[in-house]
Structure formats: structure tokens, C-alpha cells
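A.B. asks: Build me a structure from this.
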Amino acid sequence: MSSLPTSDALVELRVRRQKILDEEDVETVATISAGLLYADTGGPAVLREQLRHVVAVMERPNVEVRVTPFSAQRAILTGGIVLLDFPAGIDPSVVYAEYEAGMDTRDSEIDVRRFRRLLNHLHDSALSPEDTKKCIATRLEDL
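C.D. replies: Next comes the predicted model:
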């Protein structure tokens, strides 16, 4: 039997992760797929609110959001990847990979290195923060 976190635990984790954005000494870099700008689960009104929230969060000095365009060689397919780095000596880096069936945690050096390489590639192929804002603004106009 699997020991996947309950949906309540996943919601709690996501809420706690959102609160980290309020801590100015924590740098947050997010790279999202352009496809998410079109995923209107909950309807257009919900998507509009989510996109407005992303734009508002992008105004924080410790947050960078980039969109990986459809034309990128490697796109974000499903789920999400969170890489947490800590100051030296506190804790080792850890990766959380979310997917349809739950979440996987990796903390071995080799796994962290693989995911870091993937995230760096996605970041490098993404739009600049300025172009990301324009992309989201265009999508909001279309909604």
C-alpha cells in the first residue's frame, strides 16, 4: 500500500509554500509552462484571478516568474518540481516532484543535481520576466 500524502496534506503544503513568498530573504524562482496560461480548470473567471495573482506576486523583489513558451525544446509536461536550497550547514538541498498521483521527495546528491540541471534548462529556455509579464497580460486580454 502506498503512503502518498492525503489531499488535505497536499493543500496544507501548498498553503505553507505560498506563505514563503512573504519572506523577503527567501528567493523564489518559478518557471511555468505556457500551457498553464490556457488551463482554465474552474472556468475563465478562475483563470483570470490566478493570472492576476501571478502578476501581483511578480512585483515582489524576491520572486521571479518565467514562462516556458510552446516553442521551447523541452517543455514542462505535467506536475511541478520544487528545489529547495538552504544556507550551507543547515540542511541539504531537497527536491519535491508533484504529479497526478501525488508527490515524490528526493534528497540524494545525484537526484538533486539531475533536477537542478533540468530546472536550469527550463529557466534558460523561458521568456525573460519582462516578456513573461507581457505574455500573461496578452492572455488576460484574450480572456
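
A.B. asks: Point out where this structure drops to low pLDDT.
C.D. replies: Residue ranges of the chain with pLDDT under 70: 1-5, 73-78.

A.B. asks: tell me the centre residue of it?
C.D. replies: Ala30 (4.4 Å; CA atoms, centre = their mean).

A.B. asks: Surely it and Glu64 touch.
C.D. replies: Yes: between Ala30 and Glu64 there is a contact under CB atoms under 8 Å: 7.2 Å. Bear in mind the C-beta positions are built from the backbone N, C-alpha and C, glycine included.

A.B. asks: Where does Asp22 sit: helix, strand or coil?
C.D. replies: Classification of Asp22 using DSSP: H, G, I helix; E, B strand; the rest coil returns coil.

A.B. asks: Could you report the distance from it to Val63?
C.D. replies: Asp22 sits 10 Å away from Val63, taking CB to CB, to the nearest Å as the criterion.

A.B. asks: Show me which of those two is the more surrounded one.
C.D. replies: Val63 (18 against 9; other CB atoms under 10 Å).

A.B. asks: hmm, back to that, got the contact list for the residue nearest to the centre of the chain?
C.D. replies: Val63, Glu64, Val65, Arg66 (CB atoms under 8 Å, 6 or more residues apart in numbering).

A.B. asks: Tell me if the second one really is in a strand.
C.D. replies: By that I understand Glu64. Yes: under three-state DSSP, Glu64 falls within a strand.

A.B. asks: right, and it touches Val54 too?
C.D. replies: No: taking CB under 8 Å as the definition, Glu64 is not a contact partner of Val54, at 11.7 Å.
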